[in-house]
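Colleague: Quick one, structure for this:
(chains A and B)
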Amino acid sequence: MTVGPTSRVAMKRWIVDGSDVIDLYSKSREATEYCRRLGRPAVLVIRGLVRRFGHAATDRQAAYLTAEQIATAASTNHLAGFLLPPSQTMTYAADTIELASSVGVFGGSRGILDRFCQLKDEVENAFNLAVNEEKISSRHALCQGNAPPLAPVATATNNYQGLGTSLFFRSRDEL
Amino acid sequence: MFRVHKSLRSILLWRRNLVNLPSLREANKLDISQISEVKQREIFLKSLENAAASPPSLNNTSIQRFHNSGMTTSQLQQVVDAGMMTFLLHVESRIASSLGQGFYTIGPCGEESLSAIGLNFKESDASALHYRHVSLSILRQLRQGRTTAEIILDRARGFTCSTLDPVTGGKHCAIGGTPYDYIVTSTLASQACPAVGRALSIPLANALRNATEQKGGSGASSIPIKFPKDSISIVSVGEGSTNNAHFLSALNLAEYSAYMKRKVRPLPSPPVSPFHLLSACALSAQSSSLFLTTEFVSRFSTTVG
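Modeller: Prediction:
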């Protein structure tokens, strides 16, 4: 959780640097072990987490941020902070692992590059496929997926010829 | 008159309506290149190419810190995978949206490193993650043996509202996909209270089964319990939600439950029949749901341990 004021939280809490992979791993391990061992609640406060781009594609960031703030946020890449040497990174927080290639992730820098390109292709192929798959196109289909089937409704019909009453069970879908 | 079979006619009409996304991307290349996320992706790619061309020098302090943390290289590899997948999926969702083919674009990047938290979760931990924890959700699925292609396709289906999206079936774009994930949409903190309820239910369900077994109830061991005794319930919210009443209520309930657990003295053995336990639960619910939860759990906490 990202919590602003932490003083209101009475339970045990850990504060972690959102840009530091090692800090995130270590402190979250302590927090989860605490919860698991003692059965008590805890809070993990993640600080320094950057929102790189607009909240959504419709977000008009220029309405409440300066151009400099928008550019700085966009260029802050914590992913690069532990994949690239300091001289080749954009703005990133200090004290991260700096170089995943130094410890052999994907066999080094070339392997990381190849992996990135491979994942990029997989993402594009996935979207190429997904855009042509069926979408929900009727209210009926939407309701069917959102709620259980309606119970049948008993309706009474009168026979005006005086021969009595008949009962018909009808589903609300027919109404 | 040549008559086209009904099913063939449907196929022909369907094929006429197919979207050729690669062609759309090519036709709108210039506009797409102006999208902020696409620009940053190209900058990042260029940086990776430069690093591959001239491998960086070692930093012993950082490497030592990595080894001291206990994280393994394979775990870091999963973190890197999840982070890169998160970023690339987000960029492609913005491209699809600009072309009129994507319908969900919340998830602004910057949170790619959070996948490292997922290394400490068990598969059976209940999780309700909000939209800025895509990398964490991806890592959970990677640890369960799913391939990157499978995970990426599921997310793409969510962004394009395909009915084949395993999480919401085309109605939304939410994080999930495992039996232990609880869907969080664009809601603000309302996921917090049910998460506390799940946390309280874990020892309760296990205690109910234990009590039945002690009484010698037949088939007690066959009673299915979704969460093992050592499971935890995880929920995430954004900074804005920390002033939301749902979140504050959840915090209050969690803190009060922990407080009552410490304060309650050992009680006599509870009713051994699950039926009696559930009846007691139903009766006290009429007075106060808050006390119900804390008192009931604290009773079992002292007897079951």
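
Colleague: With adjacent residues omitted, what lies nearest to residue B:250?
Modeller: Excluding its sequence neighbours, the residue lying closest to residue B:250 (Cβ to Cβ, 6 or more residues apart in numbering or on different chains) is residue B:192, at 3.6 Å. Yep, even glycine has a C-beta here, placed from its N, CA and C like the rest.

Colleague: where's the one you found relative to residue A:32, distance?
Modeller: Counting by Cβ to Cβ, to the nearest Å, the gap from residue B:192 to residue A:32 is 18 Å.

Colleague: returning to what we had before: and the residue nearest to residue B:250, how many neighbours does it have?
Modeller: Residues lying near residue B:192 (other Cβ atoms under 10 Å in any protein chain shown) number 29.

Colleague: Tell me who's in contact with it.
Modeller: Listed by Cβ atoms under 8 Å, 6 or more residues apart in numbering or on different chains, the contact set of residue B:192 reads B:235, B:237, B:241, B:246, B:247, B:249, B:250, B:251.

Colleague: If you rank these by neighbours, which is first?
Modeller: The most crowded member of the contacts of residue B:192 is residue B:237, carrying 27 neighbours; neighbours defined as other Cβ under 10 Å.

Colleague: from memory it sits against residue B:189, does it?
Modeller: Yes - in this structure residue B:237 lies within contact range of residue B:189 using Cβ atoms under 8 Å: 5.0 Å.

Colleague: Overlap of the contact sets of these two?
Modeller: With contacts taken as Cβ under 8 Å, 6+ apart, the residues that reach both residue B:237 and residue B:189 are B:244, B:247.

Colleague: quick check: longest helix of chain B.
Modeller: Across chain B, the helix with the greatest residue count (assigned by DSSP state H) is helix B:73-98.

Colleague: actually chain A, not the one I wrote
Modeller: As assigned by DSSP H, the longest helix anywhere in chain A is helix A:109-130.

Colleague: So it, near chain B or not?
Modeller: Yes - Helix A:109-130 lies in contact with chain B when judged by Cβ under 8 Å from any Cβ of the partner chain; the contacting residues are A:109-110, A:112-113, A:115-117, A:119-120, A:122-124, A:126-130.

Colleague: is it true that residue B:163 touches residue A:133?
Modeller: Yes - with contact defined as Cβ under 8 Å, residue B:163 and residue A:133 form a contacting pair (6.8 Å).

Colleague: if we take the contacts of residue B:192, which one ends up nearest to chain A?
Modeller: Each of the contacts of residue B:192 was checked against chain A using Cβ to the nearest Cβ; the closest is residue B:237, at 5.2 Å.

Colleague: Would you double-check that that closest one falls in a helix?
Modeller: No - per DSSP: H, G, I helix; E, B strand; the rest coil, residue B:237 lies outside any helix segment and is coil.

Colleague: what's the closest non-adjacent residue to residue B:244?
Modeller: What sits nearest to residue B:244 in space, not counting adjacent residues and going by Cβ to Cβ, 6+ apart, is residue B:189, at 3.9 Å.

Colleague: what about the one you found, distance to residue B:248?
Modeller: Distance, residue B:189 to residue B:248, by Cβ to Cβ: 9 Å.

Colleague: quick one: which of these two has more around it?
Modeller: A side-by-side neighbour count of residue B:189 and residue B:248, using other Cβ under 10 Å, places residue B:189 first with 23 against 15.

Colleague: Now do the contacts for the more buried one.
Modeller: Shown here is residue B:189, whose contacts under the criterion Cβ under 8 Å, 6+ apart are B:237, B:241, B:242, B:244, B:245, B:246, B:247, B:250.

Colleague: Can you show me the strands along chain B?
Modeller: In order along the chain, chain B carries the following strands (DSSP state E): B:126-128, B:233-235.

Colleague: Among these, which comes closest to residue A:44?
Modeller: Checking the strands of chain B against residue A:44 by Cβ to Cβ gives strand B:233-235 as the closest, at 9.3 Å.

Colleague: and that closest one, which strands flank it?
Modeller: strand B:126-128 (parallel) (DSSP bridges).

Colleague: Residues in contact with the strand it pairs with: which ones?
Modeller: With Cβ under 8 Å, 6+ apart as the criterion, strand B:126-128 contacts B:121, B:137, B:140, B:180-184, B:191, B:194-195, B:198-199, B:202, B:227, B:231-236.

Colleague: From those residues, which land in helices?
Modeller: The members of the contacts of strand B:126-128 that map onto helices under DSSP H are B:137, B:140, B:194, B:195, B:198, B:199, B:202.

Colleague: thought the fourth one was touching residue B:251?
Modeller: Think residue B:195. No - between residue B:195 and residue B:251 no contact is recorded; they are 11.0 Å apart, counting by Cβ under 8 Å.

Colleague: OK, contacts around the nearest residue to residue B:190 once chain neighbours are set aside?
Modeller: The shortest distance from residue B:190 to any residue other than its chain neighbours is 4.7 Å, reached at residue B:246 (Cβ to Cβ, 6+ apart). Contact partners of residue B:246, counting by Cβ under 8 Å, 6+ apart, are B:188, B:189, B:190, B:191, B:192, B:193.
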